[in-house]
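Trainee: fold the following for me, if possible:
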Amino acid sequence: MTHVAEIVTFTLADGTMPEQFVKLSQASEAFVRAAPGFAHRQLSQGEDGRWTDYVVWTDMKSAKDAAAAFMHQDFAPALIAAINPDSAQMRHETVQWNMTA
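Mentor: I've put the predicted structure just below:
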């Protein structure tokens, strides 16, 4: 089975603390878990301050449908406001290989 990775990279908006952003992201958990095709998600922050929200879906349709519906959820305005809009980049990629522990 081929999976699709949704990779969103960004920096936080001025005044947004990392702990605050993690809590805002956790507010989206129920929506993402319930979305058809959800497989895995992780949120990381690099030493340079850039963040990556990495979500794996079972197929491209599920990934794109969830991305479109995400913006219309109650938690979305606060989460989006916490991200520097000029820094955000989102892409979908076909997973070519997967290795787990």
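
Trainee: return the per-residue confidence for Met99.
Mentor: Predicted confidence (pLDDT) for Met99: 89.

Trainee: am I right that it is in a strand?
Mentor: No: per DSSP: H, G, I helix; E, B strand; the rest coil, Met99 lies outside any strand segment and is coil.

Trainee: what sits against the residue nearest the centre of the chain?
Mentor: Closest residue to the average C-alpha location of the chain: Asp53 at 3.8 Å, with CA atoms, centre = their mean. Going by CB atoms under 8 Å, 6 or more residues apart in numbering, Asp53 touches 6-8, 10, 25, 41-43. All C-beta atoms are positioned from the backbone trio N, CA, C, and that covers glycine.

Trainee: what's the ChimeraX line that selects buried ones from these?
Mentor: Remark: buried members of the contacts of Asp53, expressed as a ChimeraX selection using 16 or more other CB atoms under 10 Å:
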select :6,8,10,25,41
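
Trainee: between the contacts of Asp53, which is closest to Ser62?
Mentor: Nearest to Ser62 among the contacts of Asp53, counting by CB to CB, is Glu6 at 9.7 Å.
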